[in-house]
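Q: Model the structure of this input:
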Amino acid sequence: MQFSADQAEVIALRALTWLMSNDELLPVFMGTTGAAEADLRANAADPEFLGSLLDFLTMDDAWVVQFCDQAGLSYEVPMMARMALPGGAQVHWT
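A: Down below sits the predicted model:
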């Protein structure tokens, strides 16, 4: 399955909503990125920001499982959505 940029943005926005409701993980994201809560709202329409959010989410399998279980998505969806956003193309060195 391949996602369009629009579909990927919708998934990333769902992940942002999930992250903002996660009292344990939100401070980790904000501390890692240096983003303030106002930045999350201001950048919610920026595909590059949404890509970075999915980069963060996919750093830990447990976070992917939590998000996908809550959202009713299969576990590969966040990475597939990430690949459809700016900077998400897989690099092939051969």
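Q: For this protein, give me the ranges with low pLDDT.
A: Applying pLDDT under 70 to the chain flags the ranges 89-94.
Q: One more pass at 80, please.
A: The chain contains residues with pLDDT under 80 at 1, 87-94.
Q: immediately after the longest helix along the chain, which helix or strand?
A: For the chain, the longest helix by residue count, based on DSSP state H, is helix 5-20. Next helix or strand after helix 5-20 toward the C-terminus (DSSP states H and E): helix 25-33.
Q: helices and strands around the following helix or strand past that next one, which ones?
A: Note on helix 25-33: by DSSP H and E, the next helix or strand toward the C-terminus is helix 37-42. Applying 3 or more CB pairs under 8 Å, 6 or more residues apart in numbering; DSSP states H and E, one finds that helix 37-42 contacts helix 5-20. Yep, even glycine has a C-beta here, placed from its N, CA and C like the rest.
Q: Who are the packing partners of the helix it packs on?
A: With contacts defined as 3+ CB pairs under 8 Å, 6+ apart, the packing partners of helix 5-20 are helix 25-33, helix 37-42, helix 47-57, helix 61-71, helix 77-83.
Q: Tell me which of the ones you listed sits nearest to residue 1.
A: Residue 1 lies closest, by CB to CB, to one member of the helices and strands packed on helix 5-20: helix 77-83, at 6.4 Å.
Q: Residue 43 and residue 51 touch, don't they?
A: No. The pair residue 43 / residue 51 is not scored as a contact, 11.0 Å apart, by CB atoms under 8 Å.
Q: Which residues are in contact with residue 73?
A: Going by CB atoms under 8 Å, 6 or more residues apart in numbering, residue 73 touches 11, 67.
Q: Give me the phi and psi for it.
A: Main-chain torsions, residue 73, degrees, to the nearest 10: phi -110, psi 160.
Q: ok, now how distant is it from residue 48?
A: 22 Å (CB to CB, to the nearest Å).
Q: How about residue 35?
A: 13 Å.
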